[in-house]
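Q: Take this sequence and fold it.
(2 chains)
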Protein chains: 2
Amino acid sequence: MQIIKRVKDVQDISRWFRCEGKFIGFVPTMGALHEGHLSLVRRSKEENDRTIVSIFVNPTQFGPNEDLQKYPRDIEGDLSKLSSLQVDTVFIPDNEEMYPDGFSTSIDIGGIGKVLCGALRPGHFNAVAAVIAKLLNISMPHRMYLGQKDFQQTVVIKKLVRDLNYDMNIIVSPTVREHDGLAMSSRNVYLSGEERKASLILYKALKLGEEIIMSNGLDDISAVKKEMEALIRSEPLAKIEYVKVVDPYNLEPVQRVIFAAVICIAVKIGNIRLIDNIIIEKS
Amino acid sequence: MQIIKRVKDVQDISRWFRCEGKFIGFVPTMGALHEGHLSLVRRSKEENDRTIVSIFVNPTQFGPNEDLQKYPRDIEGDLSKLSSLQVDTVFIPDNEEMYPDGFSTSIDIGGIGKVLCGALRPGHFNAVAAVIAKLLNISMPHRMYLGQKDFQQTVVIKKLVRDLNYDMNIIVSPTVREHDGLAMSSRNVYLSGEERKASLILYKALKLGEEIIMSNGLDDISAVKKEMEALIRSEPLAKIEYVKVVDPYNLEPVQRVIFAAVICIAVKIGNIRLIDNIIIEKS
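A: The predicted structure is shown next:
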């Protein structure tokens, strides 16, 4: 497994893979790897000749009062996991390599970056778009693998790739959950024992929403949201940031679910902000 | 020579060139090709195995009161010129292919896009950056060829490529001039006979500025600019938009020329806006 710190070196490797006619899979991460990330890596290994994983805690996508400083980091553990999955190349740049003096370019992806989490984290998805544009130009993959847990992020990145004509495919893999339903997230390590129990309320609320919509008992989305919100409020440690039912393509709120929708929620458990979602498909 | 209208087809061709180990040169144009464009194409042919030329009058980089509608177009003449130079691939998309419904991504390159022409044409260089990002992802070149005549554009595109880590080189070729010094530009066809004569004042002013700076007679840039402005004002049809002496890397105004600077000017001749520049190197 090659561990690379320089942009130029990854580009040389990627060029070489392509010259050899190899298909390249790419998994962008912020490290502190859990089973969710590893499921993406395994899939990339299955579907491509070469797999590149990046580990970079992108400072520009954190707001001034967010958790950049204490975001979990475990490079040694990460490398050991990736090595045992026989990843070909790991790209671990430092901030100076990604954002050298004078860096000044930003990418605005439009409205879909300004709703849901984007409304609460101004500039977050523009920063995500810019770092992904860079990582795509660095790793030059044929396929990029993303987790469904960050649903809005997958929509934003799909839009970036489509609008700027990146010649590659995006594969979104299902959210990997703990045995009790909590979506895996690097931030779960922040949760105290009590908060860990309380965090289950996210998945319970999503399943409740799904059940109501699928049963057709309530055709009125605002009523579905009310029931979900009431359930979340029954958990004393939980504080709702949003509960939304949106169109999976443009993230606009839906009034009724005809074919498909996504229930997206963001809830604070104590000081820890968690997000989760569930895709509803009526057939 | 292949004439291609679809993004996907150019990407297939470019992928194939790369698979074959061929180096790709790319020349982006808005058509109405003149000897300036053709010098870039010839250089690309010399330095690469395959040359792709794009012809696309990018609507997003024109302001509401600018000349998008009457911008000169001559597809047949252009194709005939490119064919005689044995270009491999010409990409001629329509607006719908480049900006399909729902397109919403913009790229902001920072301060260097907001001075000189950028101050007079708000949003122009953001639109240039976005269309070039797209064209780079479509043509996937190893080298891109630009003309020095649009000096600020070359600086903006170099910044885009550096900030977003595009894995390619930019080659800027010297401005090609008419026998009397007028910089070649597709917009020169707008000039009436009288305006054509008056337009010489741009090159004369640049040469005057160069002469004063190189002679070291005036170490004070504001005095150099005054002399240039006085010369331009002596031409009744000319109206100065700006006369600036700037750093070639960050486009900031310089007070004195130590090693290198660029004199950039924009002048209206009647209703026709012309730009030109000259690079000063002291050694």
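
Q: ok, A:I92 to chain B distance?
A: Here the criterion is CB to the nearest CB, to the nearest Å. By it, A:I92 lies 15 Å from chain B. C-betas here are computed from N, CA, C, even on glycine.

Q: Leaving out the residues flanking it, which one is nearest to that residue?
A: Using CB to CB, 6 or more residues apart in numbering or on different chains and skipping residues adjacent in sequence, the residue nearest A:I92 is A:I55, 4.9 Å away.

Q: so the one you found bridges to which residues?
A: A:T29 (DSSP bridges).

Q: residues in contact with it?
A: Residues near A:I55 by CB atoms under 8 Å, 6 or more residues apart in numbering or on different chains: A:29-31, A:33, A:75, A:78, A:90-92.

Q: Mind giving me the ChimeraX command for buried ones among those?
A: Only the buried entries of these go into this ChimeraX selection, using 16 or more other CB atoms under 10 Å in any protein chain shown:
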select /A:29,30,31,33,78,90,91,92
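
Q: How about the stretch 151-283 of chain A: which residue is closest to chain B?
A: A:D163 (3.7 Å; CB to the nearest CB).

Q: re earlier: return the closest of the contacts of A:I55 with respect to A:R15.
A: A:F91 (14.3 Å; CB to CB).

Q: Who's the closest spatial neighbour of the closest one, skipping the chain neighbours?
A: With CB to CB, 6+ apart as the measure, A:S54 is the residue that lies nearest to A:F91, at 4.3 Å, once sequence neighbours are left out.

Q: Retrieve the pLDDT associated with the spatially most central residue of chain A.
A: Ranked by distance to the mean C-alpha position of chain A (CA atoms, centre = their mean), the top residue is A:D150 at 3.2 Å. Per-residue confidence for A:D150 comes out at a pLDDT of 97.

Q: Pretty sure it sits against A:L274.
A: No - in this structure, A:D150 is not within contact of A:L274 by CB atoms under 8 Å, at 11.7 Å.

Q: Can you show me the CA trace of stretch A:65-84 as CSV?
A: Listed in CSV are the C-alpha atoms of stretch A:65-84, where the atom choice follows Å, rounded to 0.1, in the frame of the first residue of the first chain:
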residue,chain,number,x,y,z
ASN,A,65,-17.9,27.2,16.0
GLU,A,66,-17.8,23.7,14.7
ASP,A,67,-15.6,20.7,15.8
LEU,A,68,-12.6,21.0,13.5
GLN,A,69,-10.1,20.9,16.3
LYS,A,70,-11.6,17.9,18.1
TYR,A,71,-12.7,16.0,15.0
PRO,A,72,-11.6,12.4,15.7
ARG,A,73,-8.3,11.4,14.1
ASP,A,74,-6.7,8.0,14.1
ILE,A,75,-4.2,7.8,11.2
GLU,A,76,-2.5,4.7,12.5
GLY,A,77,-5.7,2.8,12.9
ASP,A,78,-7.0,4.0,9.6
LEU,A,79,-3.8,2.9,7.7
SER,A,80,-4.0,-0.5,9.4
LYS,A,81,-7.6,-1.0,8.3
LEU,A,82,-6.9,0.1,4.7
SER,A,83,-3.8,-2.0,4.5
SER,A,84,-5.8,-5.1,5.6
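
Q: Could you count how many residues lie near A:E235?
A: The local packing of A:E235 (other CB atoms under 10 Å in any protein chain shown) involves 18 other residues.

Q: right, and it touches A:A198 too?
A: Yes - taking contact to mean CB under 8 Å, the distance of 5.3 Å between A:E235 and A:A198 places them in contact.

Q: Let me know how buried the residue nearest to A:F91 is, in neighbour terms.
A: The local packing count at A:S54 equals 25, with neighbours defined by other CB under 10 Å.

Q: Ok, A:F26 next?
A: 26.
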